[in-house]
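mind looking at a prediction? Sequence and model below.
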Amino acid sequence: FTSTARPPDTRVALMMLSTATMRTAIPSLMSTRRLLSTTANLADVAVQKMRNIGISAHIDSGKTTLTERILYYTGRIGSIHEVRGKDGVGAKMDFMELEREKGITIQSAATHCAWGDHEINIIDTPGHVDFTIEVERALRVLDGAILVLCGVAGVQSQSITVDRQMKRYSVPRLAFVNKLDREGANPDVVIENLRSKLRLNAAAMQVPLGLSGEHKGVIDLAEKKAIFFDGANGDEIRIAEVPAEHENAVQEKRMELLERLADVDEEMAEYYLAEDFPPADALRAAVRRQVLALNFTPVFMGSAFKNKGVHPLLDAVLHYLPAPREVQNVALDLARDEAQVRLSGASDDPFVGLAFKLEEGKFGQLTYIRIYQGAVRRGDTILSMADGRKVRVPKLVRMHANEMEDVEVGEAGDIVAMFGVDCASGTTFTDGKCRYSLTSMFVPDPVISLALLPAKKNHPNFSKAIGRFTKEDPTFRVHTDDESGETIISGMGELHLQIYVERLKREYGCECSTGAPKVAFRETGSQRSQFSYTHKKQSGGAGQFGKVEGYLEPISETLGQGGFEFENRMIGNAIPPEFLPAIEKGFREAIEKGPLSGAPVMGMRVVIEDGMAHAVDSNEMAFKSAAKGAFKQALSAAKPLVLEPLMSAEISVPSEFQGAAIGLVSQRKGTVNRMEGNEFATIDAEVPLDNMFGFSSDLRSVTQGKGEFSMEYKMHVPVTREKQELICKRWREQSEGKGSD
């Protein structure tokens, strides 16, 4: 049949399979899903028809373009605008001026829409690794996700990072192979990437109807029907029989799909052994079971830019991704010694919510909150589990990018925002009837630093802006250098810090200059060394005395892995137990500045075996000083090394520039691990971060502007001997210079 899109304000989302069909399609799932009884209240009915999803991918894979189409087809926006569109409007979800200028997503944006009788909350996340915290906190609170992949480049470096984040929070996902209209697109290679690089049990749910310029639609493998997307904006959905030339490919892919499902689903295994393909209803039920169990990743395909494949993807979100109550969420009960408690997800239970993102809004701080249980209403007083403060909720809104819609109540499963609630990211709120705390998100450590100098000294907005940015972004750190007095900003990469410097200028009128980038060097010991150190000081009256003995050793065989560990292996009380915290504190202060370069020490374990105390002269200060002296003594004997951040870099260039790109990596003392691709080559390499400054402009220069790269922190590794000598010499000169002053 053919369907024609109605005007945006009255457009009804057309679904290839109706919601009623979906409900009848999965009777075997009724026992495993906590479906609704006839006595269920309306709030519970609503939560079953809700989906909270994130759209994540490597940079420039088409996430924001896909979200724009979803908003258009669901009637949320009236017209389509492109990320780098000539009309100057820009995509709805990229509302920051900097995002529209650079054509990238910098911060995650939330919206909601309706598809059929279901509500969908969507968070569009950045693809650049420098803004990975935005993906991290979005996936922490979402129930499902769409992993978008480029049909040409396949699984890229940030795809691997996003996959790791999804696995960290046990988020069920669908995969969408985008950009099938581009030359060189090959969904089969992308699916093989999912299996080999991400270790996912993935299989296609569709077969493309043509690729590159011939891409017209997709064939649904469950229904064995061809779907065409006609009309200027792909509004007209036409369903037809499978063209004869695609019959063999469809049959092959259907059996491959069944085989992959049979590996994890008993019911599908019976069909596979009987060499019989299951009915569409049974197949969809099995896919849903295994997606929710994290055993299977269904792969959909199309071209968001060419308006193809988005309607079936929306159907798939309803069919296969979980409702909020189908996900097991656990809190810690602070009233019962942090015992684990499973949250019910019911709207009439005590309120529990997690603040996961902060923004500065026109009415004050805007706090995004995911409600896991209960409900919150405008005017309610809620309790912060971080500091025990009671706060009132003066205004409650639902976000649509940068637009707000006032709401009176947010219920279990909702993602809403509160105004005027002062808190930190990761704070748990309750209504006071329970003392539950939710685990926060993983926050990676910064890898690069810059000295920041305001053009106008004592600018009134400088401190205000820095305070806001550090509150909003846990990966953006600021401190004052004790020796130089400079303000040092640290973050996830050059672009990350450049964006904040630019925001200081645009949003606060505070122009700043930056110093040379500073890499986060570290120090470590390369072997085990003993220490026996006595701190003794006498100046009349009670003095100071403390002796510690033990050894210092690397935590791991791979030098520099881990942070710092302190162990007490004393037999007896040669050192009174009350002094042990002071000893540990002394060691922890000592690791802040290593002897070679003044960089913090990492990857070391201190073990106390013996010591001595004096009845009168021993005190906490004495043992703290003894610990500092012992650490210096032991680290000097442990053959210390300087470590530098090693980055995993992925470089994508047209194949004719592959040799030039490899040459750039070699010049920067990098190691090429893998190369793949035909028309477009992808080079996986490991390169020291200190050697990567200016790489972007050099790559553009040798590839005629066609090359791109991304990188993320992998680990700290020892620097070369020559580099260590240079770093140590520079540190000694700085120290001597300050000493002579």
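Now that the structure is in, tell me what you want to look at.

what's the longest strand in the chain?
strand 640-654 (DSSP state E).

list the buried residues in that one.
Judged by neighbour count using 16 or more other C-beta atoms under 10 Å, the buried positions of strand 640-654 are 640-653. C-betas here are computed from N, CA, C, even on glycine.

other residues contacting the helix or strand in which residue 499 is found?
Element membership for residue 499 (DSSP states H and E) is helix 494-508. Helix 494-508 is contacted from outside by 97-98, 106, 128, 130-131, 448, 450, 452, 461-462, 464-465, 469, 475-476, 489-491, 510-512, 514, 517, 693, using C-beta atoms under 8 Å, 6 or more residues apart in numbering.

isn't residue 126 right up against residue 134?
Yes - counting by C-beta atoms under 8 Å, residue 126 touches residue 134, with 5.1 Å between them.

joint contacts of those two?
Each of 107, 108 lies in contact with both residue 126 and residue 134 under the rule C-beta under 8 Å, 6+ apart.

helices along the stretch 551-700 of the chain, start to end?
Applying DSSP state H, counting those that start in this stretch to the stretch 551-700 of the chain gives helices spanning 580-590, 620-637, 658-667, 695-702.

which stretch among these comes nearest residue 354?
Across the helices of the stretch 551-700 of the chain, residue 354 has its closest neighbour in helix 580-590 (30.3 Å, C-beta to C-beta).

for that closest one, buried residues please.
580, 582, 583, 584, 585, 586, 587, 588, 590.

name the nearest of the residues you listed relative to residue 405.
Set against residue 405, the nearest of the buried residues of helix 580-590 by C-beta to C-beta is residue 588 (48.6 Å).

residue closest to the middle of the chain?
residue 136 (2.8 Å; C-alpha atoms, centre = their mean).

for that one, grab phi and psi.
Main-chain dihedrals, residue 136, degrees, to the nearest 10: phi -60, psi -50.

picking up where we left off before, most tightly packed of the helices of the stretch 551-700 of the chain?
By mean neighbour count, with neighbours taken as mean count of other C-beta atoms under 10 Å, helix 620-637 ranks first of the helices of the stretch 551-700 of the chain at a mean of 21.

pLDDT (mean, whole number) over that helix?
On average, the pLDDT along helix 620-637 is 93.

what does it rub up against?
With contacts defined as C-beta under 8 Å, 6+ apart, helix 620-637 is touched by 523, 525, 529-535, 537, 544-548, 550-552, 575, 578-579, 581-587, 589-591, 594-595, 601, 604, 606, 611, 613.

for stretch 477-494, how far is the first residue from the last?
Taking C-alpha to C-alpha, to the nearest Å, the first and last residues of stretch 477-494 lie 14 Å apart.

buried ones in it?
478, 487, 488, 489, 490, 491, 492, 493, 494.

next step: the residues you listed restricted to helices.
Applying DSSP state H to the buried residues of stretch 477-494, the entries found in helices are residue 494.

okay if I get the buried residues of stretch 477-494 as a markdown table plus pLDDT and distance to residue 283?
A markdown table is the format used below for those (pLDDT from 0 to 100; distance: C-beta to C-beta, whole Å):
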| residue | pLDDT | distance to residue 283 |
| --- | --- | --- |
| 478 | 89 | 53 |
| 487 | 85 | 59 |
| 488 | 86 | 57 |
| 489 | 88 | 53 |
| 490 | 86 | 50 |
| 491 | 85 | 46 |
| 492 | 81 | 42 |
| 493 | 78 | 43 |
| 494 | 79 | 48 |
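
so which of the buried residues of stretch 477-494 belong to strands?
Short answer: the buried residues of stretch 477-494 in strands (DSSP E) are 478, 487, 488, 489, 490, 491.

quick check: the farthest pair among the residues you listed?
Greatest spatial distance in those: 487 and 491, 13.5 Å, computed using C-beta to C-beta.

any low-confidence regions in the stretch 601-741 of the chain?
Applying pLDDT under 70 to the stretch 601-741 of the chain flags residues 737-741.

for the chain, same thing?
For the chain, applying pLDDT under 70 flags the ranges 1-45, 82-106, 127, 129, 361-363, 482-484, 540-541, 737-741.

ok, residue 591 touching residue 600?
Yes - taking C-beta under 8 Å as the definition, residue 591 is a contact partner of residue 600 at 6.1 Å.

the two: which is more packed in?
Neighbour count, other C-beta atoms under 10 Å: between residue 591 and residue 600, residue 591 has more, with 20 against 16.

test my guess that the residue nearest to the centre of the chain contacts residue 440.
No - using C-beta under 8 Å, residue 136 makes no contact with residue 440, being 10.2 Å away.

who does residue 203 bridge with?
Partner residues in beta bridges with residue 203, using DSSP bridges, are residue 298.

may I have the distance across stretch 683-693, first residue to last?
In stretch 683-693, first residue to last residue: 18 Å (C-alpha to C-alpha).

what residues sit buried inside it?
Residues of stretch 683-693 classed as buried by neighbour count (16+ other C-beta under 10 Å): 683, 684, 685, 686, 687, 688, 689, 690, 691, 692.
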